[in-house]
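Novice: Mind looking at a prediction? Sequence and model below.
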Amino acid sequence: MDRVHRLLPAALVAAVSIASSACAATAAFYQYEPAVRAVDQRVYARGYDEGRVRGESDARRNRSFDHMRHGDFRDADVGYRGDGDRVAYRTLFRQGFVAGYSDGYRRNARVAEYSAPVYPPRYGSPAAQAGYRDGYEQGRDDARGGDRYDPIRAPRYRAGDHDFTSRYGSRERYKREYRAAFEQGYERGYRDS
């Protein structure tokens, strides 16, 4: 019994330490969420800039539209320093690269049949970027197919979570941003066709 009385305070201290460190870790996560978003935006911007340069170059040389021919897109590790999730870095970099490549190619293309989607540069969050891209493509396809203007009937709009990962935060917030951007992209795609 004496031994139990001696170990009880030590066990109590250990339990309190574990509980308080778990609470502190949770607070630290919420405290740095904006910093994670800032890193995500820098990665996306780096991909966008690299893609824009490659797109401009391909258009000036009259090469076909193909962002996948470039090693920067395939490797998607320009600027990666080994800190953080490499898969998430590559995903964001590629999203930016595709958007930048499209813009760069479109601005410099001499061929009228080029029809890659036109995304606004650095269009906010990954949710907004994915929503705008998907909306643009759906709107363009609906207009070309003679379908009526109706972004809400699109399956991706209804789901609202295309390309979602938990790294982006809450699924509901992602869906709101995705759908708002989807509607804008849809309108632009429908009008451009």
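Specialist: On my side now, so go ahead.

Novice: what's the neighbour count on Gly71?
Specialist: 9 (other C-beta atoms under 10 Å). Just so you know, the C-beta spots here come from the backbone N, C-alpha and C atoms, and that holds for glycine as well.

Novice: With Gly135 instead?
Specialist: By the criterion of other C-beta under 10 Å, Gly135 has 28 neighbours.

Novice: roughly how far apart are it and Gly96?
Specialist: Plainly put, Gly135 is 18 Å away from Gly96 if you go by C-beta to C-beta, to the nearest Å.

Novice: try Ala76
Specialist: Taking C-beta to C-beta, one finds Ala76 at 10 Å from Gly96.

Novice: Next: Ala128.
Specialist: Note on Ala128: its distance to Gly96, by C-beta to C-beta, is 13 Å.

Novice: Same check on Glu56?
Specialist: Glu56 sits at a distance of 15 Å from Gly96 (criterion: C-beta to C-beta).

Novice: ok, those two, which is more surrounded?
Specialist: Neighbour totals were compared for Glu56 and Gly96, and Gly96 leads with 29 against 19 (other C-beta under 10 Å).

Novice: Surely the more buried one touches Tyr48?
Specialist: Yes - Gly96 is within contact range of Tyr48, at 3.9 Å (criterion: C-beta atoms under 8 Å).

Novice: most centrally placed residue in the chain?
Specialist: Computing the C-alpha centroid of the chain and ranking residues by C-alpha atoms, centre = their mean puts Pro126 first, at 2.7 Å.

Novice: Now do the helices in the chain.
Specialist: 2-60, 71-75, 86-108, 126-144, 155-159, 171-192 (DSSP state H).

Novice: Find the residue closest to Phe93 in space, skipping its chain neighbours.
Specialist: Spatial nearest neighbour of Phe93, chain neighbours left out: Gly47 (3.8 Å); criterion: C-beta to C-beta, 6 or more residues apart in numbering.

Novice: Just to check, that neighbour is in contact with Arg94?
Specialist: Yes - at 6.3 Å, Gly47 counts as touching Arg94 under the criterion of C-beta under 8 Å.

Novice: Could you tell me which residues touch both of those two?
Specialist: Jointly contacting Gly47 and Arg94 under the rule C-beta atoms under 8 Å, 6 or more residues apart in numbering are Ala76.

Novice: Noted, bye for now.
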